[in-house]
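J.: sequence and predicted model, in that order:
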Amino acid sequence: MPDLSFALADSDRALARDLHAQVAELPLICPHGHVDPRLLADDVPFADPARLLVVPDHYVTRMLLSQGIPPGMLGVPARGGAAVETDGRTIWRRLAQNWHLFRGTPSRLWLERTFTGVFGVDTPLRAETADEVYDAIAARLAEPGFRPRALFERFGIEVLATTESPLDDLAAHAKLAADGWGGPGARVITTFRPDEVVDMEFGGWPDAVARLGAIAGEDTTRYGGYLDALRRRREAFVAAGATSADHGHPTARTAALSRAEAAELYERGLRGEADATDAETFRAHMLMEFARMSIEDGLVMQLHPGSVRNHNRWLHTTHGRDTGGDIPQATDYVHALAPLLDAHGNDPRLRLVVYTLDEYTYTRELAPLAGGYAAMYLGAPWWFLDTPGGLRRFREAVTDTAGFYNTAGFVDDTRAFCSIPVRHDVARRVDAAYLATLVGQGRMSPDEAAETIADLAYHLPRRVFRLDRGASA
Amino acid sequence: MPDLSFALADSDRALARDLHAQVAELPLICPHGHVDPRLLADDVPFADPARLLVVPDHYVTRMLLSQGIPPGMLGVPARGGAAVETDGRTIWRRLAQNWHLFRGTPSRLWLERTFTGVFGVDTPLRAETADEVYDAIAARLAEPGFRPRALFERFGIEVLATTESPLDDLAAHAKLAADGWGGPGARVITTFRPDEVVDMEFGGWPDAVARLGAIAGEDTTRYGGYLDALRRRREAFVAAGATSADHGHPTARTAALSRAEAAELYERGLRGEADATDAETFRAHMLMEFARMSIEDGLVMQLHPGSVRNHNRWLHTTHGRDTGGDIPQATDYVHALAPLLDAHGNDPRLRLVVYTLDEYTYTRELAPLAGGYAAMYLGAPWWFLDTPGGLRRFREAVTDTAGFYNTAGFVDDTRAFCSIPVRHDVARRVDAAYLATLVGQGRMSPDEAAETIADLAYHLPRRVFRLDRGASA
Amino acid sequence: MPDLSFALADSDRALARDLHAQVAELPLICPHGHVDPRLLADDVPFADPARLLVVPDHYVTRMLLSQGIPPGMLGVPARGGAAVETDGRTIWRRLAQNWHLFRGTPSRLWLERTFTGVFGVDTPLRAETADEVYDAIAARLAEPGFRPRALFERFGIEVLATTESPLDDLAAHAKLAADGWGGPGARVITTFRPDEVVDMEFGGWPDAVARLGAIAGEDTTRYGGYLDALRRRREAFVAAGATSADHGHPTARTAALSRAEAAELYERGLRGEADATDAETFRAHMLMEFARMSIEDGLVMQLHPGSVRNHNRWLHTTHGRDTGGDIPQATDYVHALAPLLDAHGNDPRLRLVVYTLDEYTYTRELAPLAGGYAAMYLGAPWWFLDTPGGLRRFREAVTDTAGFYNTAGFVDDTRAFCSIPVRHDVARRVDAAYLATLVGQGRMSPDEAAETIADLAYHLPRRVFRLDRGASA
């Protein structure tokens, strides 16, 4: 496994390794991610190696696209049913032939460790070994010990949160609960992610809102009924184990609108008359409403701003959303969050976990905000920043002002179930190295470092995401 | 003491330690700070450990607030006289119980070193040792050797600049001068900080301007009299030893207004009719006026932009200014400073020291500007950036383009008198480590590194802040 | 030579040195720079050391200006023929007396290595050795082995691209071709840099456009003729060996105008009626036109945005352009490049190499764009960022998302012919150290690192800049 003791004098590396060893076997806390709950509800075997590890991984397919290999050649489904590569082995060979493109990337790290750590395949991947590695993984996938629930247990996952829309009927979670795997305090829980019923710029928003009314049994033709419908769905999500909500907005803007202003905006949206500014204002206002709901029902509020969705329009047109065509943008927090923090930032009942794709806000905005408001926590480095270097820079930048205890712990944020162990392990190794640096600088005792690494790896995410409350909910 | 030889190969650490040892005992030059001059004028013993080290330190109280402990529980005075905790020992225990929150922060470093280096208390602070540490420090505070002037001499401070408003009568500095401690070229000097009479957005600005007229003996109902009043007060400050002025603005904007435009804006402000844009324009214009005054009277001009004051409005409403509720914002320098630099940037008579809370301008704006204009120097990393990591990143980012000699040397910028030695020592250690890295890379000889570290620690701030001119003023 | 194995444990340094040794003698690929082609066409001896190494180097003269030594005292020619220092030895002494200002800067590194590596002068420069170093270099400059073509061969340059305007008659390149040094696939080639005929804000733009028409034999009074003239000049540049075009714009904005809109804008500019917004829109549109031309004629498209030209207006007024008065500004890529990438970003026939002066876009914008569009590559750290630290931060920031193979390889971008070897060597050392770090972290095998360093140093720039196509063009 990678050492990742970077920027360490040789004399500090031993401590880094020792700190890592102390937490390497702690259970995994996965409070935010995108694993399909049907995977664990149905527990059917995984398909072939390419469909498991290449086709759905937009980190992998976008890198290959960047060197001229279109997603269709990698089996990524095309809209309208256009033909794409269907042979898993062919897709796998394309990965192997271009394996050098991934040198130095986290994808390389995650995949390689998945090969060795999950599947026990130690042959280094390259064009000549493509078939050998493919066949070895395929053979494992046919074994019962490699079905999702068996892997879940082998990975040492204590709790895994998936992410669902309020329009989801939570049937997979009901199945999990029936099997003793789901529900409040259980191993697999859900997360309330309402973007598609909040963001007027999503295609078909009025329809989505109507469906929200239907599933919640509320009249969403009026704003009051819309809020009630959201409350009903949050209750259903809490009953399915949710301890948090998640909001993915283009910006971090929040706004304090009056009830009348919000209602007027809502109705304009339903009539299809809202422009981009209206949509932004409504999203900003709804974050304030969701903060109020979180104070009422206790769901931790996560905010993921700053992605320009579908920047690569050809990719979106050809292959749809979430295929690697999103690009971050500069994100303001200090002004954008001011209305929400002004209203609720000093209220310890609210727990607001803020993420970023723009690391050039760490020392200027995010650390000072998290280190100065009782409600705010910093989410782990996300997406393009969830890398050994990104995780290290996060600690180096935010610890000065926010310390360790205003951060929320690692989240793997992944669709790639088999990459969960390595992602957590990388975070633990990076934190161990950072703490060893502080000990080496004489800024912390080894005992304190040991306590801190255990907090970061296990206790802190359990507490921040309210996973330590058992099944009482 | 912390080693701080970070990112160094073991083979370079010895040189870092040797370089630090060469400057560890050099006198401290403190050209910018916020120590209350009455402390040294009156030389009365410090109060209890909590009132000395917790209550007035907004780094400490904001971190505790961020984890739900309100400032009132820490003895921070409340507006309107609301009750707050008054028992020093209780406050101290709250700090000790939450000491883990400060792991990895500069506050931890500063406080711990204050305990050991200033008070000789080596017991590590934790909940169980709270009383022991409190009692030990309290015992020391009762000794004559721990009164302010004795500590000043023990700390090896050569010169300490405090910061006063033009509305201050400088009585404390007069007392210091009478005792042989104050005045031009003396140990304790003042700094001219006119924000409250310049910024129309300060509450009661017209009253402040009227008081300025009264104290200066000028008619500030007219703009010309206002400028004259500022000149009179600068003269008084120079007579009290000032060698610099300081300007804390929300942005770095400067503007070249005509006399008539400025006068009209000024009168609008006096009538209470100025809006936010007017206030910003007037501040921008006044920086240009102050540059002209600096060229005339020789006061070094410091600019501290980029803080959103009182972002945490509840904190401001409840406990007032400077209690930890300010947050930085993105700051433009390249366009904002252009008018001033266009007028005076190539004039070596002007000395403009620019600070930032936005380190994401170092390589893009600040280093190119300081490395290209004769008048401009870079101030030391400030506030949230005055940390081992922040100081290191500053050198790594700005040295390429600005070198060492367009930087102004370390400033401690502190209200916390007892933290002055450790703050300077941290800066000296970080610079020693950075220079050792350059020597290790073969980019500088050890002799050059030795000369440079002495310049950075002592000679450069004396020269840049014009503290090397003796008592002639 | 500097080690530059920074942030490396001692145990990794040996590998860094070994990796560097493997590529230290590879030929230099110089696909982007500003060496005057007449230097090599005429092959006349260089003037004295000051005129070679000080006077034309704005890195050097701006640093001295920043400490109060005006460019006239360093022999920088003044507009209008005002008197400047003419004695090379006097200029050299001024450099030597202020040599400490360059500690830690890349100029120090480049010059020192030029003294030792190119001229064999090992005496460290300081005030006392100024004459000794000057005389030793001057003696070498008189030898035949130190004429430009001899140095070119000694430096191991395989190909050097100079940069010319479409208004240049390419006479120097014709001379080079006649001597067997120039033309397609030869040692010295040109680059098409049309800024002065594209940017309406350049003084005398209508005249420049008229001259473009004359040299191309097209009627540039109409927009269609203007495009044709540009195409004709591109053909001439291709015939002179060009494989790339270069565009230096204030921003990265691109725009998709209709033919009619573009024509109208063009004519407004010719009439002298275009304002700043018109000029920006026209530049943005022309990048789209140039992308189309690049797809047709195969010239690699380079984009250098983000410099505020002539920020130091006094310097510009007194000494003209390119004398050190430009300052970077914050640069948006994600929105600015969207129109161009939307039109051609997934087309592998286009090759767009994007540079930046704003490194605070690396992880947020540039790496995600280059790692997600087939056409886009990241140019090497440029200008203020072409430093050991800047090169290192580039790899640390962009590799996670763009890998190594979406970067374009090092470009020296220099007017300073004698600094070419050291600049490339610094880049190779930094890459070797970064790769050694990855190997040390267990993220890459030593064999892969060896292959990668050779790619970065040699194979990748040849391929990206289409220098591997021989003389067929």
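T.: Structure's in. What do you need? Residues are numbered from 1 along each chain as shown, chains lettered A, B, ... in the order given.

J.: A:Ala408 reaches A:Arg463, doesn't it?
T.: No. Using Cβ atoms under 8 Å, A:Ala408 makes no contact with A:Arg463, being 9.4 Å away. For glycine as for every other residue, the C-beta is placed from the backbone atoms N, C-alpha and C.

J.: quick one, which of these two is more surrounded?
T.: When A:Ala408 and A:Arg463 are compared for neighbours, A:Ala408 comes out ahead with 26 against 17, by other Cβ atoms under 10 Å in any protein chain shown.

J.: close to chain B: what parts of the stretch 201-350 of chain A are there?
T.: Residues of the stretch 201-350 of chain A lying close to chain B (Cβ under 8 Å from any Cβ of the partner chain) are A:Asp332, A:Val334, A:His335, A:Ala338, A:Leu341, A:Asp342, A:Gly345, A:Asn346, A:Pro348.

J.: look at the fifth one and say how many residues are nearby.
T.: For A:Leu341, the neighbour count with other Cβ under 10 Å is 28.

J.: so what's it closest to, chain neighbours aside?
T.: A:Tyr373 (5.4 Å; Cβ to Cβ, 6 or more residues apart in numbering or on different chains).

J.: do I have it right that the one you found meets A:Ala343?
T.: No. Using Cβ under 8 Å as the test, A:Tyr373 is too far from A:Ala343 to be in contact (11.3 Å).

J.: the two: which has the busier surroundings?
T.: Neighbours per residue (other Cβ under 10 Å) separate A:Tyr373 from A:Ala343, with A:Tyr373 holding more: 30 against 18.

J.: from chain C, how far out is the closest residue in space to A:Ser244 that isn't next to it in sequence?
T.: Of all residues not flanking A:Ser244 in the chain, A:Val300 sits nearest, at 3.8 Å (Cβ to Cβ, 6+ apart). Here A:Val300 is placed at a distance of 26 Å from chain C (Cβ to the nearest Cβ, to the nearest Å).

J.: what does A:Ala130 show for phi and psi?
T.: When read as degrees, to the nearest 10, the backbone of A:Ala130 gives phi -60, psi -50.

J.: which residue is the nearest non-sequential neighbour of it?
T.: For A:Ala130, the nearest residue in space outside its immediate sequence neighbours is A:Ala96; the separation is 3.5 Å by Cβ to Cβ, 6+ apart.

J.: with A:Val23 instead?
T.: In space, and not counting its chain neighbours, A:Val23 is closest to A:Ala457: 4.3 Å by Cβ to Cβ, 6+ apart.

J.: next, count neighbours for that neighbour.
T.: Per other Cβ under 10 Å, the neighbour tally for A:Ala457 reads 26.

J.: ok, now the one 3 residues further on?
T.: A count of neighbours around A:Leu460, defined by other Cβ under 10 Å, yields 21.

J.: what's near enough to touch it?
T.: Going by Cβ atoms under 8 Å, 6 or more residues apart in numbering or on different chains, A:Leu460 touches A:Phe404, A:Tyr405, A:Thr407, A:Ala408, A:Gly409.

J.: run the chain-centre distance for the host helix or strand of it.
T.: Assessed by DSSP states H and E, A:Leu460 sits inside helix A:460-464. The chain centre lies 16 Å from the centre of helix A:460-464; the measure is Cα atoms, centre = their mean, to the nearest Å.

J.: what about the helices in the stretch 1-150 of chain A?
T.: Using DSSP state H, counting those that start in this stretch, the helices of the stretch 1-150 of chain A run over A:10-23, A:37-42, A:49-53, A:58-66, A:88-97, A:106-113, A:130-141, A:148-155.

J.: quickly note the distance from the residue nearest to A:Leu341 to chain C.
T.: On the measure of Cβ to the nearest Cβ, A:Tyr373 and chain C end up 24 Å apart.

J.: quick one, phi psi at A:Thr162?
T.: The phi/psi pair for A:Thr162 (degrees, to the nearest 10) reads phi -90, psi -180.

J.: ok, it - contacts?
T.: A:Gly33, A:His34, A:Val35, A:Asp36, A:Pro37, A:His173, A:Val188, A:Ile189, A:Thr190, A:Thr191.

J.: report the entries of these that also contact chain C.
T.: Okay, of these, nothing touches chain C (Cβ under 8 Å from any Cβ).

J.: could I get the residues you listed as CSV with pLDDT, distance to chain B and neighbour count?
T.: Listed next are the contacts of A:Thr162 as CSV, based on pLDDT from 0 to 100; distance: Cβ to the nearest Cβ, whole Å; neighbours: other Cβ atoms under 10 Å in any protein chain shown:
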residue, pLDDT, distance to chain B, neighbour count
A:Gly33, 97, 27, 19
A:His34, 97, 30, 16
A:Val35, 97, 32, 22
A:Asp36, 97, 36, 15
A:Pro37, 98, 34, 26
A:His173, 98, 32, 29
A:Val188, 98, 30, 27
A:Ile189, 98, 25, 30
A:Thr190, 98, 28, 26
A:Thr191, 98, 24, 24
